[in-house]
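Novice: Okay, sequence plus prediction incoming.
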Amino acid sequence: MAKGTNSIIGMSGEFAVASELLRRGFQANVTFGNAKAMDIIITSNNSNVYKIVEVKTTTGPKFVTEFFKKYYDKSIQHPDYWVLVFIDKDFTAHYYVLTHEEIGDIQMQVNGKVSWEKTVKGVDNIRRSNPALAEHENRWDKIVL
């Protein structure tokens, strides 16, 4: 697979997730900009309710989440859902759908922490091979408005 810049890879994941959400009946809107606070906003045709989806895309062995850099306390405003997207060498997308708390708990386990706290050193990431991700593969049913 040809290498792309991180922003191009990231955008391809965002559009792939938006496409899946649209196919499943949600109104999915990808946000644009250099300092955006969210990747995708989803709504329903019959509701004023909206949810925020954070997308992390990789072509490599790990998803860089930077989770505890931003969300070191459960009370901080956060995305409702996270979708981790792995794009393989055949350009096939593989999706892992998690709630905010689920990804936080996995990241806490990866970091060897016993509670949510700010990351002081390093970059939070989750390996694709992490067995905890398996139960979240293609779990689009979790996303509800």
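Specialist: Everything's here; your move.

Novice: quick one, what contacts Asn6?
Specialist: Going by CB atoms under 8 Å, 6 or more residues apart in numbering, Asn6 touches no other residue. Backbone N, C-alpha and C define where each C-beta goes, glycine included.

Novice: so where's the longest strand in the protein?
Specialist: Determined from DSSP state E, the single longest strand within the chain is strand 50-58.

Novice: For that one, report the contacting residues that lie outside it.
Specialist: So strand 50-58 is contacted by 9-10, 12-14, 16-17, 21, 28, 38-43, 63-65, 79-87, 128, 143, 145 (CB under 8 Å, 6+ apart).

Novice: just the buried members of those residues?
Specialist: 9-10, 12-14, 16-17, 21, 28, 38-42, 63, 65, 79-87, 143 (16 or more other CB atoms under 10 Å).

Novice: what's the spacing between the residue of the chain most remote from its centre and Ser129?
Specialist: The centre of the chain is farthest from one residue, Asn46, which by CA atoms, centre = their mean lies 25.2 Å away. Asn46 is 40 Å from Ser129, where distance means CB to CB, to the nearest Å.
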